[in-house]
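A.B. asks: Got a sequence here, can you model it:
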Amino acid sequence: MARAAKRLSARTVQTVTEAGLHADGDGLYLSVSKSGAKSWRFIFQWHGKRKEMGLGKLSAVSLADAREAASQARATVARGINPIAARETERAKNSNQTFGTFADELVDDLAPGFRNAKHLAQWRMTLKTYAAPLRGKRLDDIETSAVLAVLKPIWQDKPETAVRLRGRIERVLDAAKAKGLRTGENPARWRGHLDKLLPKPQKLKRGHHSAMPYADLPDFVSLLREKESLSALALEWCILTASRSGETLNAKWSEINREAKVWTIPGERMKAGKEHRVPLTKRMLEILERLTLLRRDDDYLFPGNKKDRPLSGNAMPKQMQRMGQGEFTVHGFRSSFRDWAAEETGYPREIAEAALAHAVGDITERAYRRGDALERRRELMEAWSRACTLGPNVVELVRNA
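C.D. replies: Numbers count the residues shown, from 1 in each chain. A predicted model of the protein is given here:
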C-alpha cells in the first residue's frame, strides 16, 4: 500500500491555528491545542489499540526532525517493538548518566569523522580537563550557571580554547537531548543565550590558519573585485564557496552544471573522500561568466601558466599579500564563514557544517541523514554572499523550518 504524501509544509505548521490534529502522513500529526500550543504526535496501532507518542513541541522540533523521528518510530513498530515502551526503557537506563560518561561515549561515536588523531585528542582533552566540573553532573541537571562556571575562567585568557569548548559542550548536550536524556533549551547555546552573558570572543586564529574577521570581509571583497587578475577571481570563488584552496584551484568546467547551479567536487579531491556538491550563488555564476572569457583548451576553471596545470598554490596567498592582508590565510576564510554562520544567522549547525563538507553526528545519525541539504545550503550560501558584500548585519534570520 502506497504511503500518503506529505501534506504539511513549513509555512503551514507555523501559521495553522485551528485546534486539533493536522495530518502530515505516515502517522505523523501536528497537534494544536485550544490555547494555540503546538506539538508533534506519532499515532500508531499496537495490538489493535490506538497509541499516541509525543515527539516534542514545535518550538523545539522542526517539521523535518519530526518526520525523521516518526520514521524511526515506524521502523521500531515494524520490528514488533512498541516505540513508547522502548523510549521509556532507554530513558530509565540512562536516567542517571553523567555528562562525563555520555561525552566520552559520544566522542567514541564521532571518532570516525575526525580529521586526524590530533583533533580527536583535542576533543577528549578539553571535555575532560576544562569541562571537569560538569563531568559528574547528571545530564538533565546541567544549567547555564554550570556552563558559565566552566567557560569564564578561560574566556579571556584562552579565547580559542574557550570557544571550541563551548561548541563541544553544546554538541554533547544537543546529542543528549536527541536521545531523550534531557529537555529544554541548550544552556551552552551561543546565539541568543550566552552571547548575552559573555563578552564577544577575541579575534581567533585557527591553529596556523589565521582567520580574517567576517566583519572585515565586505571591505576586502570590494577591493578584491577591483582586481583584474585570475588569482583575485580564484580567491573570491574560494571565499564564497567556503572551499579549501586545493578544491578551488583544481576546479574543472566538467564539474560545473550551470543549469542546475551546482559545482560537484569528486570524492578523490575531497579531504573526507566523499563527493561534495556546492550550490552556485548568483555571484558565483557571475564569476563563471568572466572565467568563460579566459577559458582555454584544458578543463581547469583557473588555469596556470603551464598547459594542463591549474593556477599555482601560491597565487591566492600572494594576492592577499599584495592587498596588505598577508597576516591571514586562505584556509582561514572557512573559519570566517563558520563563525559568521554561528553568530549571525539562525541556520542549524548541521547546515553550516555540511557547507564545509564536515561529517556531522555519529554513524547512525549520518545513515538517517541521507541527503546533503543542498537547497538549505543554497539559501545559506546566498546569505554568505550578501554578508561578504554588505556586511553581517543585513543577513536575515531564517525560520526554523
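
A.B. asks: buried residues in stretch 256-275?
C.D. replies: Across stretch 256-275, burial judged by 16 or more other Cβ atoms under 10 Å covers 256, 261, 263, 265, 269-270. No exception for glycine: its C-beta is placed from N, CA and C like everyone else's.

A.B. asks: ok so Val278 is a strand residue?
C.D. replies: Yes: under DSSP: H, G, I helix; E, B strand; the rest coil, Val278 falls within a strand.

A.B. asks: What residues are bridge-paired with it?
C.D. replies: Trp263 (DSSP bridges).

A.B. asks: Excluding residues flanking it in the chain, which one is nearest Arg334?
C.D. replies: Ala242 (5.5 Å; Cβ to Cβ, 6 or more residues apart in numbering).

A.B. asks: Confirm for me that Arg138 is in contact with Thr98.
C.D. replies: Yes: assessed by Cβ atoms under 8 Å, Arg138 is found in contact with Thr98 at 6.1 Å.

A.B. asks: Common neighbours of these two, please.
C.D. replies: Between them, Arg138 and Thr98 share no contacting residue under Cβ atoms under 8 Å, 6 or more residues apart in numbering.

A.B. asks: returning to that earlier point: quick check: the residue nearest to Arg334 touching Glu353?
C.D. replies: No: in this structure, Ala242 is not within contact of Glu353 by Cβ under 8 Å, at 10.8 Å.

A.B. asks: who's more crowded, those two?
C.D. replies: Ala242 (24 against 16; other Cβ atoms under 10 Å).

A.B. asks: Now do the contacts for that one.
C.D. replies: By Cβ under 8 Å, 6+ apart, the contact set of Ala242 is 333-334, 337, 355-356, 381, 384.

A.B. asks: do Arg309 as well
C.D. replies: 298, 300, 303.

A.B. asks: The first one belongs to a strand?
C.D. replies: So that's Asp298. No: read with three-state DSSP, Asp298 is coil and lies in no strand.

A.B. asks: mind checking pLDDT for it?
C.D. replies: pLDDT recorded at Asp298 is 82.

A.B. asks: So what's the residue count around the closest residue to it other than its chain neighbours?
C.D. replies: Nearest non-adjacent residue to Asp298, counting by Cβ to Cβ, 6+ apart: Asp308, 4.9 Å away. Neighbour count of Asp308, defined by other Cβ under 10 Å: 11.

A.B. asks: Map the structural domains onto the sequence of the chain.
C.D. replies: Domain assignment for the chain by automatic domain parsing gives 10-94, 99-202, 209-394.

A.B. asks: What's the mean pLDDT across the shortest one?
C.D. replies: Domain 10-94 shows an average pLDDT of 89 in the prediction.

A.B. asks: cool, stretch 325-336 as well?
C.D. replies: On average, the pLDDT along stretch 325-336 is 91.

A.B. asks: Let the chain start at 30 from now.
C.D. replies: Okay, residue one is now 30; in that scheme the one you just asked about reads as stretch 354-365.

A.B. asks: in that stretch, what's buried?
C.D. replies: 354, 357-365.

A.B. asks: thinking again about what came up before, quick one: which of the contacts of Arg338 is nearest Tyr376?
C.D. replies: Comparing the contacts of Arg338 against Tyr376 with Cβ to Cβ places Tyr329 closest, at 31.8 Å.

A.B. asks: contacting residues around the closest one?
C.D. replies: 279-282, 338-340.

A.B. asks: Would you quantify the distance from it to Asn279?
C.D. replies: 7 Å (Cβ to Cβ, to the nearest Å).

A.B. asks: what separates stretch 197-208 from the chain centre, distance-wise?
C.D. replies: 14 Å (Cα atoms, centre = their mean, to the nearest Å).

A.B. asks: what about Gln101, neighbour count?
C.D. replies: Gln101 has 14 neighbouring residues, counting by other Cβ under 10 Å.

A.B. asks: now Ala52, what's its secondary structure?
C.D. replies: At Ala52 the chain is in strand, as set by three-state DSSP.

A.B. asks: and the closest residue to it other than its chain neighbours, what are its bridge partners?
C.D. replies: Using Cβ to Cβ, 6+ apart and skipping residues adjacent in sequence, the residue nearest Ala52 is Tyr58, 5.5 Å away. Beta-bridge pairing of Tyr58 under DSSP bridges involves Ala52, Arg70.

A.B. asks: Next, the buried residues of stretch 209-216.
C.D. replies: Applying 16+ other Cβ under 10 Å to stretch 209-216 flags 210-211, 215-216 as buried.

A.B. asks: what about it, start to end distance?
C.D. replies: Start-to-end span of stretch 209-216 (Cα to Cα, to the nearest Å) is 16 Å.
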